[in-house]
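Colleague: curious how this folds, go ahead:
(one chain, ligands or ions: 1)
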Amino acid sequence: MKAVFLDRDGVINELVYYREAGVIDSPFTVAQFHLLPGVGQAIRRLNQADYKVVVVSNQPGIAKNHFTPDTLHRMDEKLKTALAEERAHLDAIYYCYHHPEGENPRYNIVCQCRKPEPGLLLQAGENFKLDFEKCYMVGDNLTDVQTGQRVGCKTILIGKTKCEMCHLMDEQGIKPDAIVSSLTAAVTNILNWEESHGDIHRFC
Ligand SMILES: [Zn+2]
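Modeller: As a prediction, the model looks like this:
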């Protein structure tokens, strides 16, 4: 079985700018959760190509008491409804709630599921009997690339700040198989690659 693992924030939905804190972070409320353009259609193409589509996402906002698991589940419902309207679906969603410096004692731990640890992907691999060599990890952070590489997936980085990212990649020796501008472009790369069995290494 093959799968495409998707990071959530910045890949599926918009990141949120918190003016007072001056930081960009995940949505903390359901109202802040907005799908990025083209996501439903991109996921539908993966559904049609027989990929399991699995969200793997760090949500340290739970450990940090920014929001609760219940809020996260309501975001899931909003996401699933929006995808259903585009005849697309997710096969599973795996979250890490943890952060070593969190304030919630229940989730204030060093875990094996916070990316770049591969725990979420390994769990999905077991549940869906995945062949990681046929899988892709798509994310907007270098930790997504690292996580995918740890289990032997191909990796696609969604990035707009190319120069900064390239500098960091050189520094840390992390190279994705491709860098693209959106999930739509990532899916086109995946499906073309499968067709040609060629090289998806394309920096645009
Ligand atoms: Zn975790």
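
Colleague: list the contacts of V4.
Modeller: Contacts for V4 were tallied using Cβ atoms under 8 Å, 6 or more residues apart in numbering; they are 46, 51-54, 135-138, 187, 190. Every residue, glycine included, has its C-beta placed from N, CA and C.

Colleague: now it, what's its secondary structure?
Modeller: strand (DSSP: H, G, I helix; E, B strand; the rest coil).

Colleague: so the residue nearest to V55 when sequence neighbours are not counted, which of the three states?
Modeller: Spatial nearest neighbour of V55, excluding adjacent residues (Cβ to Cβ, 6 or more residues apart in numbering): I93 at 4.3 Å. Classification of I93 using three-state DSSP returns strand.

Colleague: now neighbour count and secondary structure too, for the contacts of V4, in a markdown table please.
Modeller: Shown next, in a markdown table, are those (neighbours: other Cβ atoms under 10 Å; DSSP: H, G, I helix; E, B strand; the rest coil):
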| residue | neighbour count | secondary structure |
| --- | --- | --- |
| L46 | 26 | helix |
| Y51 | 23 | coil |
| K52 | 20 | strand |
| V53 | 23 | strand |
| V54 | 24 | strand |
| C135 | 26 | coil |
| Y136 | 26 | strand |
| M137 | 30 | strand |
| V138 | 31 | strand |
| V187 | 27 | helix |
| I190 | 26 | helix |
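
Colleague: for the worst-scoring helix or strand of the chain on mean pLDDT, buried residues please.
Modeller: Using mean pLDDT, DSSP states H and E, helix 162-172 stands out as the lowest-scoring helix or strand of the chain, at a mean of 72. The neighbour-count check on helix 162-172 (16 or more other Cβ atoms under 10 Å) flags 165, 169 as buried.

Colleague: residues touching that helix, excluding its own?
Modeller: Under Cβ under 8 Å, 6+ apart, the answer for helix 162-172 is 142, 157, 159, 174-176, 179, 203.

Colleague: cool, stretch 132-146 as well?
Modeller: Against stretch 132-146 from outside (Cβ under 8 Å, 6+ apart): 2-7, 9-11, 56, 58, 115-116, 121, 125, 147-148, 151-159, 165, 168-169, 172, 174-176, 183, 186, 190.
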